[in-house]
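Visitor: Structure, please.
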Amino acid sequence: MRQALMIEGAAVPGGQYSHAVVANGFVFVSGQGPKDPATGIMPDDFDGQVRQTLTNLKTILEGAGSSLDDVVKINCYLSDVTRFATWNMIYTEFFPAAPPARTTVGCQLNGILVEVDCIAVASDV
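Guide: All right, here's what the predicted structure looks like:
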């Protein structure tokens, strides 16, 4: 079974993709950036962008019937890997115990400082 989801209250995708796809008991969340879905504004600072990005991820997971506690794998893309320590500190606020498996890579991002995608167990779908 495969179900593509568009989550009410989440940021509008910047391209032709679903917020998430539920398949075989998992939620696959598309890469999320730091745009506030209510205002369309992105924080200027790295800390704010990380927090907003992780909040956006949480919104989609909850809309898909899952949660941050159900995440098994995170992929993070940083425009500047020298900010890894700050990324890790803020990430710990969202995943304080039993964190999921994670990969963090440096890459070129178009107009944002961070992007995150994940895979979670589909607890309610």
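
Visitor: partners of the worst-scoring helix or strand of the chain on mean pLDDT, with directions?
Guide: Using mean pLDDT, DSSP states H and E, the weakest-scoring helix or strand in the chain turns out to be strand 2-5, at a mean of 95. The pairing partners recorded for strand 2-5 under DSSP bridges are strand 20-23 (antiparallel).

Visitor: and the strand it pairs with, average pLDDT?
Guide: For strand 20-23, the mean pLDDT works out to 97.

Visitor: next one: stretch 42-50
Guide: Stretch 42-50 comes out with an average pLDDT of 97.

Visitor: element containing the most centrally placed residue in the chain, please.
Guide: Note on the chain: the residue nearest the mean C-alpha position is residue 57, at 3.4 Å, using CA atoms, centre = their mean. Element membership for residue 57 (DSSP states H and E) is helix 46-63.

Visitor: just checking, next helix/strand downstream of that helix?
Guide: Next in sequence after helix 46-63, counting helices and strands by DSSP H and E, comes strand 71-78.

Visitor: Format the CA atom coordinates belonging to that following strand as PDB.
Guide: C-alpha atoms of strand 71-78 as PDB (Å, rounded to 0.1, in the frame of the first residue of the first chain):
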ATOM      1  CA  VAL A  71      11.500   8.600  13.500                       C
ATOM      2  CA  VAL A  72      14.000   5.900  12.700                       C
ATOM      3  CA  LYS A  73      16.300   7.700  10.200                       C
ATOM      4  CA  ILE A  74      17.100  11.400   9.600                       C
ATOM      5  CA  ASN A  75      19.100  12.900   6.700                       C
ATOM      6  CA  CYS A  76      20.300  16.500   7.200                       C
ATOM      7  CA  TYR A  77      21.900  18.700   4.600                       C
ATOM      8  CA  LEU A  78      23.900  21.700   5.800                       C
END
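
Visitor: Looking only at that strand, what residues are buried by neighbour count?
Guide: 71, 74-78 (16 or more other CB atoms under 10 Å). Quick note: C-beta positions are derived from backbone N, CA and C, even for glycine.
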